[in-house]
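*Asks:* predicted structure and sequence below. I'll ask about it afterward.
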Amino acid sequence: MAKVRTLFYCSGCGFESARWLGRCPSCEAWNSFSEAPSAPKSSVARSAAARSAVAPIRLADVDDSNVARVSTGMSEFDTVLGGGIVPGSLTLIGGPPGAGKSTLLLQIAAALTQQFAVVYVCGEESAAQIKLRAARLSVKDDILVFPETNLRAVLDELERIKPRAVIVDSIQTVWLPESESYAGSVTQVRDCTQALMEFAKRTDCATFIVGHVTKDGSIAGPRLLEHLVDTVLYFEGEVNGEYRIVRAYKNRFGSVDEICVFAMQGDGLHQIPNPSELFLSGRKQRPSGSCVVASIVGSRPVLIEVQALVGETSYGTPRRLAANLDQARLAMILAVLERRVGMQLGNHDVYASVAGGLRVNEPAADLGIALAIASAFRNRPLGQDTAAFGELGLSGEVRSVTAGARRASEAKRLGFTTLFTPQSHEDIAQAIGAALG
């Protein structure tokens, strides 16, 4: 009989260690380690090896009749998935508590139930609580609810029902009796995900799993969890606000960084078909320090508003803070403005953010950020019909970016007639001079 060894797990992120640690080296949480036994070999691997092996086949002989995507009833969510649900896919949805993960999946389950059987495995809530949420969302009661945390019992029941879609809420609450560790540990999360992945690929059942997050916002559990699944979706933005942003961080069947925007209301999540109008909805008379940027998010052009505030520092070292922007790119843009344009920002605090909660990291937003900072520094607002996009080089040039025609077309469609682009302004000093007079 194989010897059972003792391991220690971090309750915050699932980090595994052979000895007890006072502080977790992964999430830096104090006194979060607890002891649990670990089996030397996972029974999931044994059960997989016990099954008969499948012989290799030619790619031309592969049956692709079941690869047709299935619509979720939400066109925006279908776009994030790459055009709809792929049969046999495994999708991980993460986000902070209260973001709307369970609400979104219950609405999707209600839409899919009209086409085929859907099983909602609720490990965190009872069936009565799911029914209360369904009544609030005004969805039909045809969804098969399974309040069970024993994943082996769940898989046995799924083999009998043979559904086309399964939702597991959440992966940290289910457990396999063969894995000698507690639910939510690294071993259980890994083995449960592998068992669900094997079931999904073998039966062509589309599977959605909900993942908890740690204090720093990352999905709890081993990093292997994100590599096992086909798609990783994450809720961004403030959970206390009205709008929710879902971004694809990984997608084997579509483009990454694709987003969809939902409005959280009393009867559930409602999709926003035009995110540009949403991010620019609160913009009235534009003050200084504001610039509209034509960005590409995933595969669609989206107009966002970059805001900047510049003030004299009260301390010896000026502060540079960026919200929903890359801190390193902000520092580079400030260095270019000081060296190539002559703006003395060394004794000024600089704050920059993106309105609406959308995170933007692409270099094409450099020109818009620079114009917003220059506008705030000189206290001169840009024109109401002005938009910009372009990447800044360290020598002060405005470099070309991808999908320039699509960015310009989206800006003109929303009424922006003055565009500052790499083609029209090849130097950052020339662009600032033309924008601020």
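*Replies:* Cool, the structure landed.
*Asks:* and the longest helix for the chain?
*Replies:* For the chain, the longest helix by residue count, based on DSSP state H, is helix 186-203.
*Asks:* which is the succeeding secondary structure element to it?
*Replies:* The first helix or strand that comes after helix 186-203 along the chain, using DSSP states H and E, is strand 206-211.
*Asks:* which other helices and strands does the helix or strand following that next one contact?
*Replies:* Using DSSP H and E, the helix or strand that directly follows strand 206-211 along the chain is helix 224-228. Counting contacts by 3 or more CB pairs under 8 Å, 6 or more residues apart in numbering; DSSP states H and E, helix 224-228 packs against strand 90-94, helix 186-203. All C-beta atoms are positioned from the backbone trio N, CA, C, and that covers glycine.
*Asks:* buried ones in the shortest one?
*Replies:* Within strand 90-94, the residues scored as buried using 16 or more other CB atoms under 10 Å are 90, 91, 92, 93, 94.
*Asks:* and of those residues, the nearest to residue 208?
*Replies:* residue 91 (4.9 Å; CB to CB).
*Asks:* residue contacts, the closest one?
*Replies:* 81, 85, 206, 207, 208, 209, 229, 230, 231, 232, 233 (CB atoms under 8 Å, 6 or more residues apart in numbering).
*Asks:* from those, pick the one nearest residue 63.
*Replies:* For the contacts of residue 91, the closest approach to residue 63 (CB to CB) belongs to residue 206, at 17.3 Å.
*Asks:* my read: the closest one touches residue 72, true?
*Replies:* No. The pair residue 206 / residue 72 is not scored as a contact, 9.8 Å apart, by CB atoms under 8 Å.
*Asks:* overlap in contacts, the two.
*Replies:* Joint contacts of residue 206 and residue 72 (CB under 8 Å, 6+ apart) are residue 85.
*Asks:* of these two, which one has the most company?
*Replies:* residue 206 (27 against 22; other CB atoms under 10 Å).
*Asks:* and the more buried one, what does it touch?
*Replies:* 70, 85, 86, 87, 88, 89, 91, 164, 165, 166, 200.
*Asks:* how far away is the second one from residue 154?
*Replies:* Residue 85 sits 20 Å away from residue 154 when distances are taken as CB to CB, to the nearest Å.
*Asks:* number of residues surrounding residue 141?
*Replies:* The burial count for residue 141: 10, using other CB under 10 Å.
*Asks:* flag every buried residue along stretch 278-292.
*Replies:* Under the neighbour-count criterion of 16+ other CB under 10 Å, stretch 278-292 has 278, 279, 280, 286, 288, 289, 290, 291, 292 buried.
*Asks:* next step: those restricted to helices.
*Replies:* 278, 279.
*Asks:* looking at this, residue 423 is in a strand?
*Replies:* No. Counting by DSSP: H, G, I helix; E, B strand; the rest coil, residue 423 is not found in a strand; it is coil.
*Asks:* correct me if wrong: it contacts residue 404.
*Replies:* Yes. Counting by CB under 8 Å, residue 423 sits close enough to residue 404 to count as a contact (7.3 Å).
*Asks:* neighbour-wise, which of the two wins?
*Replies:* Using other CB under 10 Å as the criterion, residue 423 and residue 404 rank with residue 404 on top: 18 against 12.
*Asks:* now that one: closest residue in space, sequence neighbours ignored.
*Replies:* Distances taken as CB to CB, 6 or more residues apart in numbering put residue 421 closest to residue 404, at 6.5 Å, once the chain neighbours are dropped.
*Asks:* with residue 162 instead?
*Replies:* residue 203 (6.9 Å).
*Asks:* show me the contacts for that neighbour.
*Replies:* With CB under 8 Å, 6+ apart, residue 203 has these contacts: 88, 158, 162.
*Asks:* from residue 33, how far off is it?
*Replies:* For residue 203, the distance to residue 33 - CB to CB - is 38 Å.
*Asks:* now do residue 69
*Replies:* With distances taken as CB to CB, residue 69 is found 43 Å from residue 33.
*Asks:* between these two, which has more neighbouring residues?
*Replies:* residue 33 (21 against 17).
*Asks:* quick check, pLDDT for that one.
*Replies:* At residue 33, the pLDDT value in this model is 82.
*Asks:* quick revisit: so can I have JSON lines of the contacts of residue 206 showing secondary structure and pLDDT?
*Replies:* Formatted as JSON lines, those follow (DSSP: H, G, I helix; E, B strand; the rest coil; pLDDT from 0 to 100):
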{"residue": "70", "secondary structure": "strand", "pLDDT": "92"}
{"residue": "85", "secondary structure": "strand", "pLDDT": "95"}
{"residue": "86", "secondary structure": "coil", "pLDDT": "93"}
{"residue": "87", "secondary structure": "coil", "pLDDT": "93"}
{"residue": "88", "secondary structure": "coil", "pLDDT": "93"}
{"residue": "89", "secondary structure": "coil", "pLDDT": "95"}
{"residue": "91", "secondary structure": "strand", "pLDDT": "96"}
{"residue": "164", "secondary structure": "coil", "pLDDT": "94"}
{"residue": "165", "secondary structure": "strand", "pLDDT": "96"}
{"residue": "166", "secondary structure": "strand", "pLDDT": "97"}
{"residue": "200", "secondary structure": "helix", "pLDDT": "95"}
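*Asks:* who wins for neighbours among the residues you listed?
*Replies:* Within the contacts of residue 206, most neighbours by other CB under 10 Å means residue 166, with 27 neighbours.
*Asks:* quickly list what that one is bridged to.
*Replies:* Residue 166 has these beta-bridge partners by DSSP bridges: residue 119, residue 207.
*Asks:* domain parsing of this structure, as residue ranges.
*Replies:* What automatic domain parsing lists as the domains of the chain is 1-40, 69-273, 278-436.
*Asks:* out of these, the one nearest residue 59 is which?
*Replies:* Among these, the nearest to residue 59 by CB to CB is domain 69-273 (16.7 Å).
*Asks:* quick one: terminal-to-terminal distance for that closest one?
*Replies:* Chord length of domain 69-273, first to last residue, is 21 Å (CA to CA, to the nearest Å).
*Asks:* which stretches in the stretch 301-437 of the chain count as strands?
*Replies:* Assigned by DSSP state E, counting those that start in this stretch, the strands in the stretch 301-437 of the chain fall at 320-323, 348-354, 386-388, 391-392, 398-399, 418-420.
*Asks:* quick one: list the elements packing against the fourth one.
*Replies:* I take that to be strand 391-392. Where contact means 3+ CB pairs under 8 Å, 6+ apart, strand 391-392 is packed against helix 327-336, helix 366-378, strand 398-399.
*Asks:* ok, then the element right after the helix or strand bottoming out on mean pLDDT in the chain?
*Replies:* Lowest on mean pLDDT, DSSP states H and E among the helices and strands of the chain sits helix 43-50, with a mean of 46. As assigned by DSSP H and E, the chain's next helix or strand after helix 43-50 is helix 75-81.
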